[in-house]
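Novice: A predicted structure for the sequence below; I have some questions about it.
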Amino acid sequence: MAGRRDRIQQHRGYRITIAIVVGILIGCVCAFVFPNGFFNSGSSLLVNERLSKSNSKVGLASCESSERVKMLKSEFSVVSVKNAELKKQVKELTEKVRLAEQETENARNQVLVLGSQIKAGPFGTVKSLRTNPTVVPDESVNPRLAKLLEKVAVSKEIIVVLANSNVKPMLEVQITSVKRVGIQNYLIVALDDSIVDFCKSKEVAYYKRDPDKAVDMVGKSGGNHAVSRLKFRVLREFLQLGYGVLLSDVDIVFLQNPFGHLYRDSDVESMSDGHDNNTAYGFNHVFDDPSMGWSRSAHTMRIWVFNSGFFYLRPTLPSIDLLDRVADTISKTGEWDQAVFNEQLFYPSHPGYTGLHASKRVMDMYEFMNSKVLFKTVRKNEELKKLKPVIVHLNYHPDKLERMQAVVEFYVDGKQDALDSFPDGSF
Ligand SMILES: *[C@@H]1O[C@H](CO)[C@@H](O)[C@H](O)[C@H]1NC(C)=O
């Protein structure tokens, strides 16, 4: 019975659909035959007659239609302006919804970590946990810094940049870019007095560490790599005070506020040194060993390194563990900090070694763009050229200042050929 009734209803459904399709077809035919409608068709014939009769009247007709086109054009531009406004509003709302969802999701995950729910749910509902609980802020670690951060941070988050006088010109380009997009929570860790004065003159928040630490000698005179090592020591207190830290090198131009583009679901969220989907996000690389015959293909997991010049740390135990491990290893072996940073993040536990259990996320490579992606791919691709990154990091090139300025000219001033004169790489 039920089946039959369904079938009857189905038939009725088909008939209605067919009726609608026929109606639409008739409408289309009418629209084609009588473009001005049934009632105006006479006048349209009249125009045609006039057209065939005299050339001067052709002028009139085309004049009328150009008026019409003008009107349509202006209507169209009004509509597209409205459309753009709506799109912008939708984008803003979507962003707000995303952030709210993010908070809810992260809170839920933290409850799961802390709670004692140990029964696994049904298929498809089980999620491993990425969002570790944040540490309890401990102001006694550094009351002076705690006070400063209360003033400068926004929503318990802060951008931290280490700088000494060696990098002043780049720092200046960066500060200008930060102010241009209205970022408030930007703090410079001044490694010498000249940078303190510079920050004062630029009205940028700065923090000078207590001058008792031997490591600070490095900061005063050191080049890029020496300063880079120091950051793993400096950041610890920020996390202990309960702040999410976005560490930034100085060779970075800010084009949007990065805090609107973070996910905050992992201990470490970092930009990549990769240059396409595979290298940035991970891939299966087959190593060929013909001597093995049947099993000549050995599969390997590959990913290009996280860039230790721009990453976000949530104030969690794994993040602090990471900083300590990197600082400790560097002080013992003198290895490159970025290499150590990645080894700590990716090597699993194995005999004689206990791995770090930190959750990780790679930032979008077009939003958080390294200079290889920009100069080898993006500037040559019409579609990618239209995207506006959040930041550009000139990590792949030694002529950093010139390229930073070119990035500003291209993305801010709209100078379309600003990037053209630079070679892809540097020799
Ligand atoms: C890279 O991945 C994105 C997202 O999955 C995809 O839309 C895009 O087409 C991919 N690009 C290439 C070149 O495969």
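Specialist: Yes, it's here. Numbering: from 1, shown residues only.
Novice: can we go C-alpha only for contacts and neighbour counts from here?
Specialist: Fine.
Novice: any weak-confidence spans in the protein?
Specialist: Applying pLDDT under 70 to the chain picks out residues 1-64, 109-117, 212-224.
Novice: those strands in it, which residues are they?
Specialist: 157-163, 186-190, 206-207, 244-248, 252-254, 268-272, 283-288, 297-302, 306-313, 360-362, 368-370, 391-393 (DSSP state E).
Novice: So for Arg144, which of the ones you listed sits nearest?
Specialist: Nearest of the strands of the chain to Arg144, taken as CA to CA: strand 206-207 at 9.4 Å.
Novice: can you list contacts of that closest one?
Specialist: Strand 206-207 has contacts (CA atoms under 8 Å, 6 or more residues apart in numbering) with 145, 148, 187-190, 196, 199.
Novice: Buried ones from these, can you make that a ChimeraX selection?
Specialist: The buried subset of these, as determined by 16 or more other CA atoms under 10 Å, is captured in ChimeraX by this line:
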select :145,187,188,189,190,196,199
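Novice: ok, which pair from the contacts of strand 206-207 is furthest apart?
Specialist: Among the contacts of strand 206-207, Leu145 and Cys199 lie farthest apart (CA to CA), at 16.7 Å.
Novice: For Asp138, which of the strands of the chain is the nearest?
Specialist: strand 244-248 (14.0 Å).
Novice: now that closest one, how far from the centre of its chain.
Specialist: 14 Å (CA atoms, centre = their mean, to the nearest Å).
Novice: how about it: buried residues?
Specialist: 244-248.
Novice: Sheet partners, orientation included, of it?
Specialist: strand 157-163 (parallel), strand 306-313 (antiparallel) (DSSP bridges).
Novice: can you put those in TSV and add distance to Val286?
Specialist: Shown next, in TSV, are those (distance: least, CA to CA, whole Å):
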stretch	distance to Val286
strand 157-163	39
strand 306-313	22
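Novice: looking at those strands, which is closest to Asp273?
Specialist: Across those, closest to Asp273 is strand 306-313 (CA to CA), at 5.6 Å.
Novice: Spatially central residue for this protein, please.
Specialist: Glu367 (3.4 Å; CA atoms, centre = their mean).
Novice: for the residue nearest to that one when sequence neighbours are not counted, what are its contacts?
Specialist: Once flanking residues are discounted, Glu367 sits nearest to Pro389: 4.3 Å by CA to CA, 6 or more residues apart in numbering. Applying CA under 8 Å, 6+ apart, we find Pro389 in contact with 255-256, 366-369.
Novice: Tell me how far Pro389 lies from Val181.
Specialist: According to CA to CA, to the nearest Å, Pro389 and Val181 sit 12 Å apart.
Novice: Spit out the residues that contact the two alike.
Specialist: 255-256.
Novice: re the thing from before, hmm, which two among the buried residues of strand 244-248 are most spread apart?
Specialist: Checking those with CA to CA, the most distant pair is Gly244 and Ser248, at 13.0 Å.
Novice: ok so, going back, please produce CSV containing the strands paired with strand 244-248, extended by mean neighbour count and distance to Arg361.
Specialist: What follows is the strands paired with strand 244-248, written out as CSV (neighbours: other CA atoms under 10 Å; distance: least, CA to CA, whole Å):
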stretch, mean neighbour count, distance to Arg361
strand 157-163, 23, 18
strand 306-313, 24, 9
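Novice: To Val227, which of these lies closest?
Specialist: Ranking these by proximity to Val227 (CA to CA) places strand 157-163 first, at 7.2 Å.
Novice: Kindly export the closest one (C-alpha atoms) in CSV.
Specialist: The C-alpha coordinates for strand 157-163 follow below in CSV (Å, rounded to 0.1, in the frame of the first residue of the first chain):
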residue,chain,number,x,y,z
GLU,A,157,47.9,37.4,22.9
ILE,A,158,51.0,39.2,21.7
ILE,A,159,53.4,39.5,18.8
VAL,A,160,57.0,39.4,20.0
VAL,A,161,60.0,40.5,17.9
LEU,A,162,63.6,40.4,19.1
ALA,A,163,65.8,43.2,17.6
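Novice: For the longest helix anywhere in the chain, which helices and strands make contact with it?
Specialist: Counting residues, the longest helix found in the chain (DSSP state H) is helix 55-114. The criterion is 3 or more CA pairs under 8 Å, 6 or more residues apart in numbering; DSSP states H and E, and the helices and strands that helix 55-114 contacts are helix 41-53.
Novice: And for Phe422, the neighbour number?
Specialist: The number of residues packed around Phe422, counting by other CA atoms under 10 Å, is 13.
Novice: contacting residues for it?
Specialist: Neighbouring residues of Phe422 by CA under 8 Å, 6+ apart: 375, 403.
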